[in-house]
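>>> Next comes the sequence, and after it the predicted model I'd like to discuss.
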Amino acid sequence: MDRAKKKLGVLLSTGPDTTNLQTALGLGDAALGRGDDLYLYLIDDGVRALDDPRVRALPGRGAKVFVCAYGCQKRRIPLDDGAGVTYCGLVVLTDIVNGTDRFVALN
C-alpha cells in the first residue's frame with residue numbers, strides 16, 4: 001500500500017548545547033528516511049545550529065532549512081548565500097505552521 005507523502009515542520013529556538021538539536025535532527029532523519037518533506041526553521045539561539053555539520057547537510061538530503069535573518073543579525077552570524085538555507089522572517093514560519101501535516105516546536 002502506498003503511503004502519502006507527509007510534511008513535517010520543526011522549529012528550533014534553543015542553542016546547539018541543548019538536547020533539542022539532537023531531537024530536531026532525529027525527527028528530521030526519521031521524516032527524510034520515510035520520504036517525507038522536512039521544513040526546519042531556526043530562530044533565536046537556534047540559529048547557532050548552523051555551525052553543526054549535520055544541519056548543514058540537511059539541504060543536500062532534500063530538507064528545506066529556513067533561518068531567521070534577524071536572529072542571525074542579533075547574534076552577529078553572517079548570512080551565507082552558499083549555505084543551501086533560506087534566510088527569512090516570521091512570515092515564512094507562519095507558512096510552515098499552516099502548511100505542514102505536523103509541526104513540532106522545540107523551545
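In hand now; what should we look at?
>>> if you take the average position of the chain, which residue is closest to it?
In the chain, the C-alpha closest to the average C-alpha coordinate belongs to Leu40, at a distance of 1.8 Å (CA atoms, centre = their mean).
>>> ok, Arg54 - how many residues close by?
15 (other CB atoms under 10 Å). Every C-beta, even on glycine, is put in place using the N, C-alpha and C of the backbone.
>>> quick check, the residue nearest to the centre of the chain in a strand?
Yes - counting by DSSP: H, G, I helix; E, B strand; the rest coil, Leu40 falls inside a strand.
>>> which helix is the longest one in this protein?
Taking DSSP state H as the criterion, the chain has its longest helix at helix 19-33.
>>> Tabulate the CA atom coordinates of it in PDB.
Output of helix 19-33 as PDB, limited to C-alpha atoms (Å, rounded to 0.1, in the frame of the first residue of the first chain):
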ATOM      1  CA  THR A  19      19.200  18.200  23.700                       C
ATOM      2  CA  ASN A  20      16.700  19.900  21.400                       C
ATOM      3  CA  LEU A  21      19.100  20.000  18.500                       C
ATOM      4  CA  GLN A  22      19.500  16.200  18.700                       C
ATOM      5  CA  THR A  23      15.700  15.800  18.900                       C
ATOM      6  CA  ALA A  24      15.200  18.000  15.900                       C
ATOM      7  CA  LEU A  25      17.800  16.100  13.900                       C
ATOM      8  CA  GLY A  26      16.300  12.700  15.000                       C
ATOM      9  CA  LEU A  27      12.800  13.800  13.900                       C
ATOM     10  CA  GLY A  28      14.300  15.100  10.600                       C
ATOM     11  CA  ASP A  29      16.200  11.900   9.900                       C
ATOM     12  CA  ALA A  30      13.100   9.900  10.500                       C
ATOM     13  CA  ALA A  31      10.900  12.100   8.200                       C
ATOM     14  CA  LEU A  32      13.500  12.100   5.400                       C
ATOM     15  CA  GLY A  33      14.100   8.400   5.800                       C
END
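>>> my guess is Lys64 contacts Leu42, does it?
No - taking contact to mean CB atoms under 8 Å, the distance of 11.8 Å between Lys64 and Leu42 leaves them out of contact.
>>> More neighbours: these two, which one.
A count of neighbours by other CB under 10 Å puts Leu42 above the other of Lys64 and Leu42, at 25 against 18.
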